[in-house]
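Undergrad: this is a predicted model, with the sequence first.
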Amino acid sequence: MLRTPSGGAGNGTAAAGGRLLSIGAVLSRLRDEFPEVTISKIRFLEAEGLVEPQRTPSGYRKFSLPDVERLASVLRMQRDHYLPLKVIREHLDALDRGEQVPLPSPGESRDLLGWAPEAEPSCPRIGRDELIAATGAAEDQLAQWESYGLVGPGPDGGYDAETVNIAKIVADLGRYGLEPRHLRAVKAAADREVGLVEQVVAPLRRHRNPQTRNHAESTARELAALSVRLHAALVQSALRVRLP
C-alpha cells in the first residue's frame, strides 16, 4: 500500500482534492512498497517518458495521485515481471488507449531481456582458432588484444558471444589504424561505467526481498544500455562541434 504523507508545506501538499505532491512526498509514498526507490530513480523514469508531472513556474515537479500510481505500476512491472522500460512504456501506452494487455510472465520477461540464468552455464563458446577466423585477425593480434584486456577467454578457455563481438569491433577499428594501445582509454571508461552500474545495483542484490534481488539484473542491463547510448551521443555531439 502507498503511504499517505502527513501534508503541510514542508512535506509537499497532499494530493486530495486535486492538490499535488512534491517529489519528496512521492518518494515517501513509494518507499514502503519500494524501499530501494530514490529521487534519482523517479527523475530517471520521468526522463524516459513514463510519467509527466506538472511543473510550477519556478520549475518544481508536482505529481498528481494518478502520477504516483503510474510510478508504482512501473516499479511493480520492473520488480515482479522483470520488464525493460521499452516494454513497460508500450504496455502503459496500450492501457492509455483503453486496451487490456496482459503482462508477460517472469519467464517471458526474461526472454524479452535476453536473459536466461539457467542457460548461462551452457552458453555456446568458440575456441581460439574459431575466434581468429571470425575476426580475420592473426594470432599475434589476438594476443595483443588480450594483453591490453580488450578480450579474454573464459575459465574453460573458450570465448563467448560478447567477446566475439568485441573482437570484431576491435578488428574493424584496427583497419582504420587504431591499435589496442589507442583503445586503453575506451576500456578504462567502460570499467568506470561498470563501477557506476554496480553502485546502483549493489543495494538491490543485498536486499532481503528475493524479487528485488532478481530485479538487479534487469536494472544493470538497462543502465548498461543507457550508458552506451550516452557514450554514443557524447561522441557524436563532440564530433559535430570539432568537425563541422
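TA: Structure received.
Undergrad: run through the helices of this protein in chain order.
TA: Here the chain has its helices, by DSSP state H, at 23-31, 39-47, 65-81, 85-96, 106-113, 128-135, 139-147, 161-174, 184-205, 210-242.
Undergrad: compare those and give me the one nearest Gly154.
TA: Nearest to Gly154 among the helices of the chain is helix 161-174 (8.0 Å), distances taken as Cβ to Cβ. Where C-beta positions appear, they are placed from N, C-alpha and C, glycine not excepted.
Undergrad: how far does that closest one sit from the chain's center?
TA: The chain centroid and the centroid of helix 161-174 are separated by 22 Å, computed with Cα atoms, centre = their mean, to the nearest Å.
Undergrad: could I get the average pLDDT for that helix?
TA: The average pLDDT within helix 161-174 is 90.
Undergrad: got a list of contacts for it?
TA: 123-124, 126, 131, 134-137, 141-142, 145, 150-154, 159, 180, 183 (Cβ atoms under 8 Å, 6 or more residues apart in numbering).
Undergrad: can you rerun that using 7 Å?
TA: Helix 161-174 is contacted by residues Ile126, Leu131, Ala134, Thr135, Gly136, Ala137, Trp145, Leu150, Val151, Leu183 when judged by Cβ atoms under 7 Å, 6 or more residues apart in numbering.
Undergrad: for the fourth one, give me the pLDDT.
TA: Read it as Thr135. Per the predicted model, pLDDT is 86 at Thr135.
Undergrad: not counting sequence-adjacent ones, nearest residue to it?
TA: Nearest non-adjacent residue to Thr135, counting by Cβ to Cβ, 6 or more residues apart in numbering: Ala171, 4.4 Å away.
Undergrad: do you know how far the nearest residue to Ile23 once chain neighbours are set aside is from Ser22?
TA: Residue nearest to Ile23 in three dimensions, not counting chain neighbours: Arg61, with 5.0 Å by Cβ to Cβ, 6+ apart. Counting by Cβ to Cβ, to the nearest Å, the separation of Arg61 from Ser22 is 7 Å.
Undergrad: residues in contact with the most centrally placed residue in the chain?
TA: By Cα atoms, centre = their mean, the chain has its centre lying nearest to Glu222, at 1.6 Å. The contact partners of Glu222, by Cβ under 7 Å, 6+ apart, come to Pro84, Leu85.
Undergrad: ditto for the one 4 residues further on
TA: With Cβ under 7 Å, 6+ apart as the criterion, no residue contacts Leu226.
Undergrad: and the gap between it and Thr56?
TA: From Leu226 to Thr56 the distance is 28 Å (Cβ to Cβ).
Undergrad: so what's the residue count around Val201?
TA: 19 (other Cβ atoms under 10 Å).
Undergrad: so how far is Leu234 from it?
TA: Relative to Leu234, and taking Cβ to Cβ, Val201 is found at 23 Å.
Undergrad: so how far is Ile126 from Leu21?
TA: The value you get for Leu21 to Ile126, if Cβ to Cβ is used, is 54 Å.
Undergrad: ugh, typo on my part, it should be Arg29
TA: 51 Å.
Undergrad: flag every buried residue along stretch 205-213.
TA: For stretch 205-213, a neighbour-count test (16 or more other Cβ atoms under 10 Å) marks His207, Thr212 as buried.
Undergrad: coming back round to it: report pLDDT for the residue nearest to Ile23.
TA: pLDDT, the model's per-residue confidence, is 93 for Arg61.
Undergrad: give the bridge partners for it, please.
TA: With DSSP bridges applied, Arg61 shows beta-bridge pairing to Arg55.
Undergrad: for it, which residues are in contact?
TA: Ile23, Pro53, Arg55.
Undergrad: out of the helices of the chain, name the one with the poorest average pLDDT.
TA: Among the helices of the chain, helix 106-113 carries the lowest mean pLDDT (a mean of 48).
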